[in-house]
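Chemist: just a sequence and a predicted model for now, questions to come.
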Amino acid sequence: MLEQPNPGLRESAVLAPLFMRDGQPYLVFTKRRAALRNHGGQISFPGGARDPDDSTPLHTALRETREELGIPPEKIEVLGMLDEVPTITNFRILPFVGAIPTDFAYLPSPDEIERVIEVPLVHLFNPSVHRVERRWVLQSEREIYFYDYGPNVIWGVTARILRGLLQLIGGLPAFQRWRS
C-alpha cells in the first residue's frame, strides 16, 4: 500500500535487480565502499536520493542503478514497485523490482561500490539465514532484520525491503519451488 508521503522525509528510491542464471533467480546487491560518509561498508540495493532532475522515483532508481552498476535503464525491465519504507535517517525509500540481463558485465562505480554481490533467491528463502533482533534505536525498541550470505550480512532498511520482496514473491506460483 502506497501511503501519502511524509513531507519531513527526503525522497529516495532503489532497484532490486533480479536475473536468472542456470534456471535459478538471483538478486543483485552492492557493498558500499567503507569510506563513504553515509552507510559506508553496508550491503544495499543500488539507489539513492532523488535529484531535482529525476521526474519520478523510478527515474531515481534507474539513474542510480546506471551510476552504481553501469546498467542502462533500457536494459532493465521494471516488474513493479514495493511498499515505501521510511528510515530513521529521514529518508522515504520507494523500492522497485526489475529484471536485468543474465550475466550482465557490471561496471561498478569505483567511488561508491566496493563489490557486487549476486545472491540466489533459494538461499534467501532459507529460514536459517534470516534473523530478527530487537534493538534500541533513537529511544525506542525496533525489530532489525538480518540475512546472512557467507561473510555478507544484509541488514537494516535493505533487509526490510528484502523481507517485503520475499513475502510478496514467495506466494507467487513461479517462485514456489525455490521456497523449500
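Modeler: Okay, I see it. Just so you know, these numbers come straight off a predicted model, no measurement behind them.

Chemist: in three-state terms, label residue 161 for me.
Modeler: Using DSSP: H, G, I helix; E, B strand; the rest coil as the criterion, the local structure at residue 161 reads helix.

Chemist: I'd say it and residue 13 touch.
Modeler: No: checked against CB atoms under 8 Å, the pair residue 161 and residue 13 is beyond contact range at 10.9 Å. In this view, the C-beta of every residue, glycine as well, is placed from N, C-alpha and C.

Chemist: more crowded one of these two?
Modeler: Taking neighbours as other CB atoms under 10 Å, residue 161 and residue 13 compare with residue 13 leading, 29 against 24.

Chemist: nearest residue to residue 112 other than its sequence neighbours?
Modeler: The shortest distance from residue 112 to any non-neighbouring residue, by CB to CB, 6 or more residues apart in numbering, is to residue 68 (5.7 Å).

Chemist: same deal with residue 164?
Modeler: Counting by CB to CB, 6+ apart, residue 82 is the residue found nearest to residue 164 once chain neighbours are left out, at 5.3 Å.

Chemist: which helix or strand contains residue 67?
Modeler: Following DSSP states H and E, one finds residue 67 within helix 57-69.
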